[in-house]
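>>> have a look; sequence and predicted model below, questions after that.
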Amino acid sequence: MFRSIEWLGDRVRWINTLKLPWEEEFIETTDPERVALAVERMEIRGAPAIGVAAALAVALAAARSTTASLEELRHSLLRVIERMRRTRPTAVNLFWALKRMEAVVSAEYRDPGELREAVVREALRVYDEDVGVNRRMAEIGSKLIDDGDTVLTHCNAGALATVALGTALGVIRAAWESGKRIKVVATETRPMLQGARLTVWELMKEGIPVKLIADTAVGYVMSRGLVSKVIVGADRIVMPGYVINKVGTYTIAVLADRHGVPFYVAAPTSTIDFDGRVEDVVIEERSPDEVRTVLSRLYVTVPTVEVLNPAFDVTPPGLVTAIITEQGVVSKPVEVGLRELRERRPRRELAP
Ligand code: MRU
């Protein structure tokens with residue numbers, strides 16, 4: 001199984017998604033700051049992957065520390081946690097994973113060795129859980145896909161956005177592997193082209209039929225009846241069911257509603273921000289040059305033009321047909337099922 005990020009005992013290795021599809025470059029480091037830069041630059045991207053990367057950065061800091069002072073080690077780990085928290089603001093998995101790491105760092109230990117071991121163990125748990133959760137979501141979600149479906153997906157919610165398999169692409173993969181003859185429509189996803197570069201790369205590697213469309217073609221393609229379902233991932237889901245995902249998702253949801261196409265969101269419960277409010281979500285604004293250029297290679301406008309570059313948008317609950325989680329499918333009205341999930345939350349997640 002392809003893994004986009006790995007723990008190699010004393011170092012972390014990831015595939016640099018900025019180089020795809022032209023080059024399969026793997027980067028290794030023992031330095032937590034290098035992991036922070038990888039998340040900021042989007043070498044590692046996608047909500048679950050950046051949560052895992054953050055946990056592994058804390059594990060790296062623990063593994064390479066030689067201090068004999070428990071308090072010194074604790075402070076250095078908390079500094080790494082704070083640094084990782086500043087890398088990207090929108091995907092909640094980052095904060096979810098760091099909250100878990102912080103709880104472990106803040107517990108009682110006899111000596112630094114015990115703290116080091118606990119931190120590495122928790123980071124590997126976050127890592128392993130991601131694979132298991134995606135596998136369960138894929139099994140559950142694939143039942144919603146019918147033989148002959150054409151599924152539209154946006155951005156990249158695949159193995160390259162998680163440790164392995166992916167969320168939306170995990171569902172698509174499982175449907176394909178179960179023998180359903182499906183086709184995928186991938187949107188380019190300007191400005192960073194995660195759909196054109198990453199989703200297409202992943203699907204073509206596995207022989208899953210995919211057609212690439214410009215983001216602007218979604219309306220036409222749906223109006224011609226060429227899409228039977230939409231499946232996207234999410235960076236954060238806020239009660240009562242607002243889906244914050246790659247910019248362009250909202251447009252697709254409105255069009256799906258207009259054309260009677262089911263709109264599914266595949267997201268692990270770690271993406272659900274049960275306590276947050278939609279008004280408080282920080283929508284990341286990225287560099288204007290992402291829009292002024294094509295991947296920093298060619299200016300497509302006057303280089304000094306003012307730009308608005310929100311990386312995410314907000315789809316209201318009324319446009320969501322169902323949310324596929326590892327704990328089951330939350331169907332419309334999603335608010336009811338999300339409330340049930342909130343009540344079933346493990347106690348650990350209720351801690352302040
Ligand atoms: O800016 P990115 O590439 O990190 O944004 C990623 C997305 O919006 C994905 O759709 C989302 O994280 C779901 S990934 C399983």
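Noted; the coordinates are in hand.
>>> C-alpha only now, for contacts and for neighbours.
OK.
>>> show me the contacts for F312.
F312 makes contact with 90, 244-248, 283-284 under the criterion Cα atoms under 8 Å, 6 or more residues apart in numbering.
>>> outline the domain layout of this structure.
For the chain, automatic domain parsing gives the domain ranges 5-135, 138-349.
>>> quick check, nearest of the contacts of F312 to G148?
Closest to G148 out of the contacts of F312 is G248 (25.6 Å), distances taken as Cα to Cα.
>>> the closest one reaches D313, doesn't it?
Yes - contact status for G248 versus D313: in contact at 6.9 Å, counting by Cα atoms under 8 Å.
>>> okay, the domains of the chain in JSON lines with mean pLDDT next?
Listed next are those as JSON lines, based on pLDDT from 0 to 100:
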{"stretch": "domain 5-135", "mean pLDDT": "98"}
{"stretch": "domain 138-349", "mean pLDDT": "97"}
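>>> so can I have a markdown table of those showing distance to the ligand?
Shown next, in a markdown table, are those (distance: least, Cα to the nearest ligand atom, whole Å):
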| stretch | distance to the ligand |
| --- | --- |
| domain 5-135 | 4 |
| domain 138-349 | 4 |
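>>> among the contacts of F312, which one lies nearest to A217?
Within these, the smallest distance to A217 is 11.8 Å, found for G248 (Cα to Cα).
>>> enumerate every residue touching that closest one.
Counting by Cα under 8 Å, 6+ apart, G248 makes contact with 154, 189, 215, 312-313.
>>> again, only using 10 Å
Residues in contact with G248 (Cα atoms under 10 Å, 6 or more residues apart in numbering) are 154-155, 187, 189-190, 215-216, 311-315.
>>> before we move on, what about V238?
By Cα under 10 Å, 6+ apart, the neighbours of V238 are 92, 244, 271-281, 314, 316-317, 335, 338.
>>> do L77 as well
32, 57-62, 65, 71, 83, 101-102, 105-106, 116, 119 are the contacts of L77 under Cα under 10 Å, 6+ apart.
>>> then V200?
21, 156, 184-188, 194, 208-212.
>>> centroid-nearest residue for this structure?
Centroid check for the chain by Cα atoms, centre = their mean gives A47 as the closest residue, at 2.5 Å.
>>> mind checking how far it is from H75?
Distance, A47 to H75, using Cα to Cα, to the nearest Å: 26 Å.
>>> over to P48?
Taking Cα to Cα, one finds P48 at 26 Å from H75.
>>> what's the neighbour count on R344?
R344 sits with 9 neighbouring residues when counted by other Cα atoms under 10 Å.
>>> who's in contact with it?
Contacts of R344 by Cα under 10 Å, 6+ apart are L338.
>>> pull the number of nearby residues for D147.
By the criterion of other Cα under 10 Å, D147 has 13 neighbours.
>>> find the helix or strand that it is a member of.
D147 belongs to no helix or strand when assigned by DSSP states H and E.
>>> that one contacts W176, correct?
Yes - judged on Cα atoms under 10 Å, D147 makes contact with W176 at a distance of 8.9 Å.
>>> and for these two, which residues touch both?
Counting by Cα under 10 Å, 6+ apart, the residues touching both D147 and W176 are 182-183.
>>> if we can go back for a sec, among the contacts of G248, which are located in strands?
187, 312-315 (DSSP state E).
>>> buried among these? Make that a PyMOL selection.
Of the ones in strands among the contacts of G248, the buried ones go into a single PyMOL selection, burial set by 16 or more other Cα atoms under 10 Å:
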select buried, resi 187+312+313+314+315
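>>> which one of the ones in strands among the contacts of G248 sits closest to P262?
T315 (13.9 Å).
>>> for the stretch 201-350 of the chain, what spans make up the strands?
210-213, 229-232, 236-238, 242-246, 263-266, 272-273, 293-294, 298-299, 312-315, 322-325, 328-331 (DSSP state E, counting those that start in this stretch).
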